[in-house]
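Student: Give the three-dimensional model of this entry:
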Amino acid sequence: MGLDLFGTAEAAAAWRRGAAQRARFLAPVTDRMLDAARIGPKSQVLDVGTGTGDTAVLAAERVGPTGRVIAIDASAEMLNVAAESARASGLDHIEFRQMDGGKLALEPGSVDAVIGRHSVQFLDDWPAPLTGFHQVLRPGGRLSFVVWGRTTENPFMALPVEIPKQLGWPPVSAAAAPFSLGDGQRLRQQLVTTGFDEVKVERVGFQTRMPADVALANRLDSPMSRAAVNNASAEQREAFQKAIRSALERMRDGDSVLVAGVTLLASATR
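Tutor: Numbering: from 1, shown residues only. Below is the predicted model:
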């Protein structure tokens, strides 16, 4: 599923354009995710679905030169962008590997922490990937990841899902993928069933503002929006863009768009 959204050069370029804004927007929940992973000097960390690499860089800063971060992504295009971010940071203890997070090619018990920010929901055959996470963690190791809550809790982020419904289009599974793990109770049970201990799934609300033009570009340029209009006619694309603009106007407050929503922070111990 992830490659459907992020596997092309165009998708990677779009994700790169929004990297700085996304890092600022998600900074509070990213810090909480890293705190929950309990990583520090000498830690060996696996970053699943590293994307543009900012989570890998932040983790590498915490583990220091005596630690290591293995940053994986199924998309070679994304890894190229992530590697550039790492070089710019001056950190040399991040190892980038093209790898499916649902089919980990790592030694059992080889890492102290597995992290993933808005990435694991794109893995195929969920919850099977949880078994892989459990296996690569050493005893006492930590799993910590962030996913989006339900679509109803994330009106801004869910526009690429809700607008096609309003237009009477058939559902596009790739567009809805970011919210596939939004049921916190179900997610908690999946972690327990896999064999994890100290399982917590916390709802983390957020609210921020974006300049109206930035918010519009964010939604129209998102991989989910591209998936929603992938097979659409020119007329349908125009209708989609018009509906996005109208929805954002309803969220507008002065020159800004009010962006509010809910993420789920899942953490557990092997």
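Student: Show me where this protein has its helices.
Tutor: Using DSSP state H, the helices of the chain run over residues 2-6, 9-17, 19-37, 54-63, 76-89, 128-136, 159-166, 173-176, 184-194, 212-220, 223-228, 234-250.
Student: ok, of those helices, where does mean pLDDT dip lowest?
Tutor: Mean pLDDT per stretch puts helix 2-6 lowest among the helices of the chain, at a mean of 60.
Student: And the residue lying farthest from the centre of the chain, how far from residue 169?
Tutor: Here the centre of the chain is the reference, and by C-alpha atoms, centre = their mean the most remote residue is residue 235, at 31.0 Å. Using C-beta to C-beta, to the nearest Å, we find residue 235 at a distance of 12 Å from residue 169. In short, each C-beta sits where N, CA and C put it, glycine included.
Student: what's around the closest residue to residue 80 other than its chain neighbours, how many residues?
Tutor: Sequence neighbours aside, residue 12 is the residue nearest to residue 80 in space, at 7.1 Å (criterion: C-beta to C-beta, 6 or more residues apart in numbering). For residue 12, the neighbour count with other C-beta atoms under 10 Å is 23.
Student: Residue 12 and residue 78: what is the separation?
Tutor: In terms of C-beta to C-beta, residue 12 sits 5 Å off from residue 78.
Student: now swap in residue 186 and tell me
Tutor: Counting by C-beta to C-beta, the gap from residue 186 to residue 78 is 28 Å.
Student: ok, now which ones touch the spatially most central residue of the chain?
Tutor: Nearest to the geometric centre of the chain sits residue 118, at 1.8 Å (C-alpha atoms, centre = their mean). By C-beta atoms under 8 Å, 6 or more residues apart in numbering, the contact set of residue 118 is 26, 49, 146, 147, 148, 178, 263.
Student: make it 10 Å
Tutor: 22, 26, 29-30, 33, 49, 51, 55, 145-148, 157, 178, 263 (C-beta atoms under 10 Å, 6 or more residues apart in numbering).
Student: Out of these, the closest to residue 243 would be?
Tutor: residue 157 (15.6 Å; C-beta to C-beta).
Student: Correct me if wrong: the closest one contacts residue 176.
Tutor: No. If you go by C-beta atoms under 10 Å, residue 157 and residue 176 don't touch, sitting 11.2 Å apart.
Student: overlap in contacts of these two?
Tutor: Counting by C-beta under 10 Å, 6+ apart, the residues touching both residue 157 and residue 176 are 151, 224.
Student: more crowded one of those two?
Tutor: More neighbours surround residue 157 than the other of residue 157 and residue 176, with 23 against 19 (other C-beta under 10 Å).
Student: ok, now which ones touch the more buried one?
Tutor: 118, 148-149, 151, 178-179, 218-219, 222, 224, 259-263.
Student: give me that answer again for 6 Å
Tutor: Each residue near residue 157 by C-beta atoms under 6 Å, 6 or more residues apart in numbering is listed here: residue 261.
Student: ditto for residue 32
Tutor: Contacts of residue 32 (C-beta under 6 Å, 6+ apart): residue 265.
Student: ok, 10 Å please
Tutor: 144, 146, 202, 204, 263, 265, 267.
Student: Tell me what the third one is bridged to.
Tutor: Legend: beta-bridge partners of residue 202 under DSSP bridges are residue 265.
Student: and the closest residue to residue 197 other than its chain neighbours, how many residues sit next to it?
Tutor: Computed as C-beta to C-beta, 6+ apart, the closest residue to residue 197 that is not its neighbour in sequence is residue 269, at 4.8 Å. Neighbourhood size, residue 269 [other C-beta under 10 Å]: 15.
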